[in-house]
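Undergrad: structure for the following, please:
(one chain, ligands or ions: 1)
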Amino acid sequence: MGEDLERLKQRIPLLEYLQRHNWTARRVGAQPEFVGLCPLHQETRPSFYVNARKNLFYCHGCGRGGDLIRFVELLLDLPFRQSVAHLEQELAPSAPASELLQQTATFYQLQLHRHPQAIRYLEQRGLRDPALIEELGLGYAPGANLRRHLAALSYSFDRLLQVGLINSQGRDAFCRRVIFPCRQHGQTINLYGRSIGTAFPHRLWPRSKGGLFAWESVRHFSPVILVEGLFDLAALWQAGFRNTTCAIGTHLTPTQLAQLGDRSGRSVYLVFDQDENHAGQTASGQLARRLEGAGVSVRIASLPFGHDPNSYFVAGATAADFAACLHQARSL
Ligand SMILES: [Zn+2]
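TA: Numbers count the residues shown, from 1 in each chain. Predicted coordinates:
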């Protein structure tokens, strides 16, 4: 039991769990320590501290502290055993959930070729290589037929609702989205859906985003190229930059940070969006400092203003143009 608990806590670091639940924090001092508003009591000034190395929290406001399981006990008002069960079920990509996600991804993959609007969308984003579309397992969720398909495979309505694949009206949660399955160790652990219509563009199934995208095939490269979005990754893979990975956003989980630092001497190119509000540039700088702190050598590449890697290729850039951007990348 004790060993299992240690493994559970290692698999779901406290900081990552909190961030997944939208806890925002700033780093304090040289220690891997973070402070933010306490999720357990009402406060206006941050007094909730997390030590990422020790995997412990303490709140100076309400005087409570402990490990991840203690946090779940307090947050959800559950007894110890139920808290452990809750974590196991909610966060660990359990085999049945992974199977269900894989069934869903396979179904969406078949739908892609039956919906010309989805193929047109991929073309607009510059994705034309059928072999790459197949390799990435890209799919399309038209919106109202997943439930029937999975019911035939004896998944109940309640189960699909509970895991968030359909809404209470029985429609697909990923309705009218191009789907990228996120895989890890041969299992589908999450789905990312990009809206092709007017809905909010990005949707990630509310579970762990897992490690870096396709890390198993990218990890043996140095340098590695890190981009924000999966369409950026697809464009770069299509142009031959197979050493590209993606964190789905500019925020890296501790797991993803650890992956980039998993071998000595690795260098990383950050190629984030060049946007007007400088969000991408600010994120690059912050991430570069964190990575340098972890012993990774970082270069920040700048694309022409207003571009991300995907739009850059759509606008006609070639692999040589992109290589030139990498060549001009600067260190901190
Ligand atoms: Zn508190």
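
Undergrad: give me the contact list for stretch 204-221.
TA: By Cβ atoms under 8 Å, 6 or more residues apart in numbering, the surrounding residues in contact with stretch 204-221 are 12, 16, 20, 90-91, 93, 97, 101, 164-165, 173, 182-185, 189-193, 224, 226, 230, 233, 242-248, 253, 255-256, 259-260, 262-263. All C-beta spots, glycine's among them, are computed from the backbone N, C-alpha and C.

Undergrad: just the buried subset of those, please.
TA: Buried residues within those, defined by neighbour count using 16 or more other Cβ atoms under 10 Å: 12, 16, 90-91, 93, 97, 101, 165, 173, 182-184, 189-193, 224, 226, 230, 233, 243-248, 253, 255-256, 259-260.

Undergrad: out of those residues, which touch the ion?
TA: With Cβ under 5 Å from the ion as the criterion, the buried ones among the contacts of stretch 204-221 include none near the ion.

Undergrad: for stretch 166-175, give me every contacting residue.
TA: Stretch 166-175 has contacts (Cβ under 8 Å, 6+ apart) with 108, 141-147, 157, 160-161, 164-165, 191, 193, 199, 203, 205.

Undergrad: at 7 Å instead, please
TA: Residues from elsewhere that reach stretch 166-175 (Cβ atoms under 7 Å, 6 or more residues apart in numbering): 141, 143-144, 146-147, 160-161, 164-165, 191, 193, 203.

Undergrad: what sits against residue 302?
TA: By Cβ under 7 Å, 6+ apart, the neighbours of residue 302 are 274, 325.

Undergrad: gap between it and residue 257?
TA: Taking Cβ to Cβ, to the nearest Å as the measure, residue 302 and residue 257 are separated by 23 Å.

Undergrad: same question, residue 224
TA: According to Cβ to Cβ, residue 224 stands 13 Å off from residue 257.

Undergrad: who touches both of those two?
TA: By Cβ under 7 Å, 6+ apart, no residue touches both residue 224 and residue 257.

Undergrad: end-to-end on stretch 235-252?
TA: End-to-end distance of stretch 235-252 (Cα to Cα, to the nearest Å): 21 Å.

Undergrad: and the average pLDDT for that stretch is what?
TA: What stretch 235-252 shows for mean pLDDT is 94.

Undergrad: repeat that for stretch 46-62.
TA: 94.

Undergrad: quick one, strands of the stretch 1-150 of the chain?
TA: Taking DSSP state E, counting those that start in this stretch, the strands of the stretch 1-150 of the chain run over residues 25-28, 33-36, 48-51, 56-59, 65-66, 139-141.

Undergrad: so which bits of this protein are right by the ion?
TA: Residues of the chain lying near the ion (Cβ under 5 Å from the ion): 38, 40-41, 59, 61-62.

Undergrad: who is residue 26 paired with across the strands?
TA: Listed by DSSP bridges, the beta-bridge partners for residue 26 are residue 35.

Undergrad: oops, could you answer that again for residue 172 instead?
TA: With DSSP bridges as the criterion, residue 172 is bridged to residue 166.

Undergrad: tally of neighbours for it?
TA: Applying other Cβ atoms under 10 Å, we find 23 residues neighbouring residue 172.

Undergrad: that one and residue 112, how far apart?
TA: In terms of Cβ to Cβ, residue 172 sits 14 Å off from residue 112.

Undergrad: now the nearest residue to residue 263 once chain neighbours are set aside: which helix or strand?
TA: Excluding the flanking residues, the one nearest residue 263 by Cβ to Cβ, 6 or more residues apart in numbering is residue 222, at 7.4 Å. Assigned by DSSP states H and E, residue 222 falls within no helix or strand.

Undergrad: close enough to count as contact, residue 222 and residue 266?
TA: Yes - Residue 222 lies in contact with residue 266 (Cβ atoms under 7 Å); the separation is 4.7 Å.

Undergrad: of those two, which one has the most company?
TA: Using other Cβ under 10 Å as the criterion, residue 222 and residue 266 rank with residue 266 on top: 19 against 14.

Undergrad: check what pLDDT that one gets.
TA: Taking residue 266 on its own, its pLDDT is 90.

Undergrad: now do the same contact list for it.
TA: Residues near residue 266 by Cβ under 7 Å, 6+ apart: 222, 224, 260, 296.

Undergrad: using TSV, lay out the residues you listed together with secondary structure, pLDDT and distance to residue 80.
TA: Output for the contacts of residue 266, formatted as TSV (DSSP: H, G, I helix; E, B strand; the rest coil; pLDDT from 0 to 100; distance: Cβ to Cβ, whole Å):
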residue	secondary structure	pLDDT	distance to residue 80
222	coil	89	44
224	strand	97	41
260	helix	92	35
296	coil	92	38
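
Undergrad: nearest to residue 8 among the residues you listed?
TA: residue 260 (24.2 Å; Cβ to Cβ).

Undergrad: tell me the pLDDT of residue 94.
TA: 54.

Undergrad: again, but for the one 4 residues further on
TA: We note a pLDDT of 81 for residue 98 in this prediction.

Undergrad: quick one: neighbours of the closest residue to the ion within the stretch 201-332 of the chain, just the number.
TA: Closest approach between the stretch 201-332 of the chain and the ion, counting by Cβ to the ion: residue 254, at 22.3 Å. If you count neighbours by other Cβ under 10 Å, residue 254 ends up with 15.
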